[in-house]
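In: need a structure here:
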Amino acid sequence: MRARNNVYLAGVVALAMLWGTQAALADSTMHARISYESGGAMVQGTADADWSYATTNTLILPGDQLWADKGGTMELEMSGGSFLRMADGSKAEIIDLPPSASIRGWTGAFYVQRIARSTGDFLFITPACRVEIAQDSQVRIDVLEQGSTTVTVRWGAAVVRTDTGAPMSVTSGKRVFIDPGYLPSTPVVYDRNAEDDFDAWNRERAETLARGYEELPAKVIGEDYTLEYGVDTMEVHADAIRPGDRVLLVDDLIATGGSAKAAIDLVERLGGKVVGAAFLIELTDLNGAQALKGYDVFSLIKY
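Out: Residues are numbered from 1 along each chain as shown. Okay, here's the model as predicted:
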């Protein structure tokens with residue numbers, strides 16, 4: 001077993017911003033990150049011969065497989081406002097990431113949460129069915145070793161499809177059961193107050209996420225920027241930068257450069273001077289550095 005390397009960039013002066021959990025990765029539709037793990041989180045890439053330990057902020061790419069060990073929990077944050085949570089011996093494969101996310105759950109317990117302003121589509125595939133999860137929804141999916149699947153909608157809505165028969169709509173407070181090769185059961189009401197440890201942890205994470213999307217406690221200014229699949233807003237405290245402050249922008253990845261340019265614009269609106277922008281990874285095909293033309297841009301790794 002080995003650990004997937006995490007490299008951190010540091011500057012004498014770093015820009016600290018609170019822009020919501022979505023904006024941290026919204027610059028690219030090509031990756032996600034581990035936003036929480038309690039131990040025992042592992043990842044295996046398409047070119048990896050072995051599993052690696054996945055710590056917070058580990059980048060996850062299409063083709064990666066994820067494993068949450070017994071007694072462990074893991075949360076994957078994707079661009080567009082979607083989250084995958086796993087627990088207690090769960091295995092998943094990342095087929096594709098937003099704007100058209102596709103996740104295959106092999107076995108275990110999963111929660112998918114999509115915030116109200118989430119974008120794109122989200123498909124969760126099990127051996128028994130395909131689950132399409134709507135915006136502003138939270139859905140639990142349990143997959144047994146033989147593939148039998150239970151779909152529970154905490155709020156929002158989902159559509160369950162099998163290889164035969166019509167799609168089954170499942171709404172808030174309902175649950176369906178699906179065995180491989182059979183149609184889904186009729187949706188039944190379940191007891192929302194009956195929680196296991198995974199439910200309780202998921203509820204805590206959802207509450208943390210909700211607090212993160214609330215308005216910042218002090219006066220803020222915002223800057224809109226365009227995504228490939230929508231528009232988002234970055235915000236910063238109005239007193240975070242003083243006129244004349246020299247600021248180094250540091251981020252893990254630059255793709256199209258939209259969020260980085262928005263951050264620069266915010267700094268300059270507050271009177272700061274951006275002395276440079278440093279990134280761990282640059283996706284050169286997306287020409288993000290061109291969006292920062294006129295600024296000193298450094299990337300440690302270029303793809």
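In: can you give me the buried ones in the helix or strand hosting Leu209?
Out: According to DSSP states H and E, Leu209 maps onto helix 197-212. Buried residues in helix 197-212, counting neighbours by 16 or more other Cβ atoms under 10 Å, are found at 198-199, 201-202, 205-206, 209. All C-beta atoms are positioned from the backbone trio N, CA, C, and that covers glycine.
In: and the contacts of the helix or strand following that helix?
Out: Where DSSP H and E defines the elements, the next helix or strand beyond helix 197-212 is strand 220-227. Outside strand 220-227, the residues that touch it by Cβ atoms under 8 Å, 6 or more residues apart in numbering are 26, 29, 79-80, 119, 231-238, 256, 258-259, 261-263, 265-266, 269-270.
In: out of those, which end up buried?
Out: Neighbour-count burial (16+ other Cβ under 10 Å) is assigned, among the contacts of strand 220-227, to 26, 29, 79-80, 119, 232, 234-237, 256, 258-259, 261-263, 265-266, 270.
In: and Val131, helix, strand or coil?
Out: strand (DSSP: H, G, I helix; E, B strand; the rest coil).
In: now it. Nearest residue, chain neighbours left out?
Out: Phe124 (4.4 Å; Cβ to Cβ, 6 or more residues apart in numbering).
In: likewise for Asp245?
Out: That would be Gly272: by Cβ to Cβ, 6+ apart, it lies 4.4 Å from Asp245.
In: kindly report the same for Ser90.
Out: Here the residue nearest Ser90, using Cβ to Cβ, 6+ apart, is Gly108, at 2.5 Å.
In: shouldn't that neighbour be within a helix?
Out: No: Gly108: not assigned to a helix; according to three-state DSSP it is strand.
In: tell me if I'm right that it and Met74 touch.
Out: No: when contacts are counted by Cβ atoms under 8 Å, Gly108 is not listed as touching Met74 (10.5 Å).
In: mind giving me the domain split of the protein?
Out: According to automatic domain parsing, the chain comprises the domains 34-202, 220-302.
In: lowest-confidence stretch among those domains?
Out: For the domains of the chain, the weakest mean pLDDT is recorded on domain 220-302, namely a mean of 88.
In: give me the distance between the two termini of it.
Out: When the termini of domain 220-302 are compared using Cα to Cα, to the nearest Å, they are 34 Å apart.
In: do stretch 283-299 as well
Out: Start-to-end, stretch 283-299 (Cα to Cα) is 10 Å.
In: how about stretch 45-62?
Out: Stretch 45-62 has its terminal residues 9 Å apart, counting by Cα to Cα.
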